[in-house]
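> using only what follows, build the 3D model:
(one chain, ligands or ions: 1)
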Amino acid sequence: MTLQADRVSWRRGGTLVVDGVSVQPVPGSTVALLGPNGSGKSSLLRLLQGAARPDSGTVTLDGADLSGMRRREIARAVATVTQHAETDADIIVREVVRLGRTPHRSLLGGDTAQDERAIDRALEHVGLTEKARHRWHTLSGGERQRAHIARALAQEPRELLLDEPTNHLDIRHQLELLALVAELPVTAIIALHDLNLAAMFCDVVLVLQQGRVVAGGRPEEVLTPSLIADVYGVRAHVARDHVSGRISVAFQPGTPSGATSRGVVSSLPGVRLPG
Ligand SMILES: Nc1ncnc2c1ncn2[C@@H]1O[C@H](COP(=O)(O)OP(=O)(O)OP(=O)(O)O)[C@@H](O)[C@H]1O
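Down below sits the predicted model:
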């Protein structure tokens, strides 16, 4: 059992932005949410984190409907890093990361040795140990992003929801972050724009278009030139590494000629496309 969405739909500002989406990740797997701008990736993550309720369908955690659960209860299992995470207070980095421990703290108790260890580990994972005592406003954009990820890791979640976590990161930190997430013993659902990062690190990709899942499965099954042409409207060449079996995508100038590959369906469990 894990965090699952079953045929969720959500209307925002009069528009259906999530349309009958099911997500049933295998526990411990890493799932990429792909799709063009405005296709509904962040909206779906908001439903999965319990920040909003679907108009229809259900999001469940270990079989229990998220809408009947307390935020603290959800936060003990599910950590989220959103695209626009900010921290106004001028506190040191370690205190930002400490916020991740809040759901685990008893109302009267202070921080325990376990809290301190979780914070140390999280800072180390994202390479910010040296900056732990620095003030928040002195960090670069990428360092702030990594601190927010450390906060989520300090939460010691089972489920990790990340919205464009590589946004501000240089290439080394992009690779390190996704390698870390893929190795962690968590189920991770990550909204990504970079198809190559998805292909390198994710077990499954779900491709959204106008709120609907139009393809889902292993990256090498789904990320074909015709799917990329259909969904993103760009030409691409896809090469496969014969040793790792992983693919890489090279984009080409020009508009693709009309290919249709909607509904690439995988035999993988947990990937269900709308009928
Ligand atoms: N607060 C809001 N109120 C009304 N509509 C919204 C709101 N936020 C987003 N939307 C709309 O919902 C749709 C999906 O947006 P969403 O942010 O989920 O897409 P996305 O795939 O994450 O996009 P991006 O790749 O640009 O981050 C878009 O059409 C957007 O305009």
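
> so, low pLDDT: which residues of this structure?
Applying pLDDT under 70 to the chain flags residues 1, 84-88, 107-109, 258-275.

> what's the closest non-adjacent residue to Thr129?
Excluding its sequence neighbours, the residue lying closest to Thr129 (Cβ to Cβ, 6 or more residues apart in numbering) is Leu123, at 4.9 Å. For every residue, glycine as well, the C-beta is placed using N, CA and C.

> for the residue minimising distance to the centre of the chain, which residues make a bridge with it?
Centre of the chain computed as the mean C-alpha position; nearest residue by Cα atoms, centre = their mean is Ile190, 1.8 Å away. Listed by DSSP bridges, the beta-bridge partners for Ile190 are Ala32, Leu162.

> which residues touch Val207?
Under the criterion of Cβ atoms under 8 Å, 6 or more residues apart in numbering, the neighbours of Val207 are 34-35, 213-216, 222, 227, 231.

> sort out which of the residues you listed are buried, if you could.
For those, a burial check counting by 16 or more other Cβ atoms under 10 Å picks out 34-35, 213-216, 222, 227, 231.

> so which of those residues belong to strands?
Within the buried ones among the contacts of Val207, residues falling in strands by DSSP state E are 34, 213-216.

> just give me the closest of those to Leu128.
Using Cβ to Cβ, Leu34 is the member of those that lies nearest Leu128, at 28.2 Å.

> if we can go back for a sec, which of the buried ones among the contacts of Val207 are close to the ligand?
Gly35 (Cβ under 6 Å from any ligand atom).

> where exactly do the strands run in the stretch 1-150 of the chain?
In the stretch 1-150 of the chain, the strands defined using DSSP state E, counting those that start in this stretch lie at 3-12, 15-23, 30-34, 56-61, 64-65, 78-81.

> okay, these, which one's buried deepest?
Among the strands of the stretch 1-150 of the chain, ranked by average contacts under mean count of other Cβ atoms under 10 Å, first place goes to strand 30-34 (a mean of 26).

> hmm, who's touching that one?
Residues contacting strand 30-34 (Cβ under 8 Å, 6+ apart): 23, 25, 41, 44-45, 181-182, 187-193, 195, 197-198, 201-208, 219, 231.

> narrow the residues you listed to those in helices?
Counted as lying in helices by DSSP state H, out of those, are 41, 44-45, 181-182, 195, 197-198, 201, 219, 231.
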